[in-house]
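Visitor: Below: sequence and its predicted model.
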Amino acid sequence: MLRIHFTDADLTRTRIGTAPDPLWEICMSLHRFQTRQGRWAHADWFRATRTRLHAKGFSRTLSTFLLPLVPRAAYFPDFLTPVEAAEGLDSGLDAVLNTPTRRVLHEVSLLDRTSGAPDWAPRLAEPDLRKELVRALRTYHDIAIAPYGDRMQARLDAERATQARAVLSSGAEGILRSLGPALRWRRPVLSATYPKERDLYLGGRGLLLIPSYFCWGTPVTFHSATLDPVLLYPLSQEPHPSALPEDLGSGAPLAALLGRTRACVLRAVTSGATTGELARAAGVSASSASQHTAALRRAGLLTTHRNAASVLHTLTPLGAALLRGGYSAGQGTSGER
């Protein structure tokens, strides 16, 4: 069991990441290759990525270099997921490359004691092998993570919209109460199932919550209590735009959708909105708004997440692209009102 202990100061310093963390997502996606648990949620990704890795000649590097460093176990090295990665992949990889030698050796030794490290792992303290690791992480990201960037960002935006409403209604504790079934908030402790018994005292430093697309089941935090506290937690496995209709390229489904009311609904959902809010924005009844959101959802333009007693609608990457493309209420072609 993991128990994270908050003070009042920690509650005021709790925040949520604004974008997918590329190095955390790399590590969590590597876990998806090591277990069937949760694979159904990423089945399309798993098949397509495995094919691309093979086509790029990267399968051996994956199995002999990356997977041994990130076992799906109680520990993998903290230096592989530096806080600098929140600023982007380049910043994160620079931090990995510049990790102090002593820290690399310590964390590799810890990996060896807890899960078993490959024989070559201590050589990561040497610049040449660390550069090779950074190149491998970048290549893997390009193959396995980058093609899903828009989808991951859309999921995270939906999560942030949900949590923003939790803050407005209940403050920071509202966030901690709505992190999903894997986490339980009983003031002043946030607890979760964990591979071992652990207490993390924030001590006024606050907590960075990082919703993760590839994390499954158990939240993850740094092993070292001296690092800035973070908690990676799995996004809820709600329906999301992982499989869009194959005939969208023809334009026919979009033409059927782009009437005045649905265009208004689509614009109103930009920052996240409940069905009632969409009804008021479009000037229609709640039941009519539900019908419009259902049609937009079937076309892959928005996604719906349950938020307490209501539901929250947010844009998918396709819906956002449609709005960016200049569509407006006056461009509807279906004539629906």
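Guide: That came through, no problem.

Visitor: which stretches of this protein form strands?
Guide: 2-5, 15-16, 183-186, 189-192, 198-201, 208-212, 230-234, 273-274, 302-307, 310-315 (DSSP state E).

Visitor: what pLDDT does Leu156 get?
Guide: pLDDT recorded at Leu156 is 86.

Visitor: where are the low-confidence patches of this structure?
Guide: Scanning the chain for pLDDT under 70 picks out the ranges 236-258, 271, 307-309, 324-337.

Visitor: Grab the most central residue of it for me.
Guide: The chain has Ser212 as the residue nearest its centroid, 2.8 Å off, counting by CA atoms, centre = their mean.

Visitor: Arrange the strands of the chain in CSV, one row each, with distance to Leu69 as further columns.
Guide: All C-beta spots, glycine's among them, are computed from the backbone N, C-alpha and C. As requested, these are exported to CSV (distance: least, CB to CB, whole Å):
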stretch, distance to Leu69
strand 2-5, 23
strand 15-16, 28
strand 183-186, 27
strand 189-192, 24
strand 198-201, 22
strand 208-212, 18
strand 230-234, 17
strand 273-274, 43
strand 302-307, 34
strand 310-315, 35
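
Visitor: Identify whichever of these lies nearest to Gly259.
Guide: strand 302-307 (15.3 Å; CB to CB).

Visitor: The closest one pairs with which strands?
Guide: Strand pairing for strand 302-307, using DSSP bridges, gives strand 310-315 (antiparallel).

Visitor: Buried residues, the strand it pairs with. List them.
Guide: Judged by neighbour count using 16 or more other CB atoms under 10 Å, the buried positions of strand 310-315 are 311-315.

Visitor: go on, stretch 182-201?
Guide: Result for stretch 182-201 [16+ other CB under 10 Å]: buried residues 183, 185, 190, 192, 200.

Visitor: What separation is there between Thr275 and Val134?
Guide: 47 Å (CB to CB, to the nearest Å).

Visitor: between those two, who's got more neighbours?
Guide: Taking neighbours as other CB atoms under 10 Å, Thr275 and Val134 compare with Thr275 leading, 20 against 16.

Visitor: before we move on, back to that, from Leu301, how far off is the residue nearest to the centre of the chain?
Guide: From Ser212 to Leu301 the distance is 25 Å (CB to CB).

Visitor: got it, and Val189?
Guide: For Val189 relative to Leu301 (CB to CB), the value is 40 Å.

Visitor: Gly174 contacts Ala166, doesn't it?
Guide: Yes - at 3.4 Å, Gly174 counts as touching Ala166 under the criterion of CB atoms under 8 Å.

Visitor: show me what contacts the residue nearest to Leu2 when sequence neighbours are not counted?
Guide: Spatial nearest neighbour of Leu2, excluding adjacent residues (CB to CB, 6 or more residues apart in numbering): Tyr194 at 3.7 Å. Contacts for Tyr194 (CB atoms under 8 Å, 6 or more residues apart in numbering) come out as 1-2, 218-219.

Visitor: wait, which of those residues is closest to Leu207?
Guide: Pro219 (11.3 Å).

Visitor: So what pairs up with the closest residue to that closest one other than its chain neighbours in the strands?
Guide: Of all residues not flanking Pro219 in the chain, Tyr233 sits nearest, at 4.4 Å (CB to CB, 6+ apart). Taking DSSP bridges as the rule, Tyr233 bridges to Pro211.

Visitor: and this structure, what are its domains?
Guide: 1-237, 246-331 (automatic domain parsing).

Visitor: List the residues that contact Thr274.
Guide: So Thr274 contacts 307, 310-313 (CB under 8 Å, 6+ apart).

Visitor: same thing but at 6 Å, please
Guide: Ser310 (CB atoms under 6 Å, 6 or more residues apart in numbering).

Visitor: For Arg3, see how far away the residue nearest to Leu2 is.
Guide: For Tyr194 relative to Arg3 (CB to CB), the value is 9 Å.

Visitor: Repeat that for Gly217.
Guide: In terms of CB to CB, Gly217 sits 18 Å off from Arg3.

Visitor: circling back to that earlier point, quick one, which of the strands of the chain gets closest to Ser115.
Guide: Taking these one by one with CB to CB, strand 198-201 is closest: 16.4 Å.

Visitor: Now do that closest one: distance to the chain's middle.
Guide: The chain centre lies 24 Å from the centre of strand 198-201; the measure is CA atoms, centre = their mean, to the nearest Å.

Visitor: ditto for stretch 127-139
Guide: Worked out by CA atoms, centre = their mean, stretch 127-139 lies 24 Å from the chain centre.

Visitor: Please apply the same query to stretch 99-112.
Guide: For stretch 99-112, the distance to the chain centre is 27 Å (CA atoms, centre = their mean).
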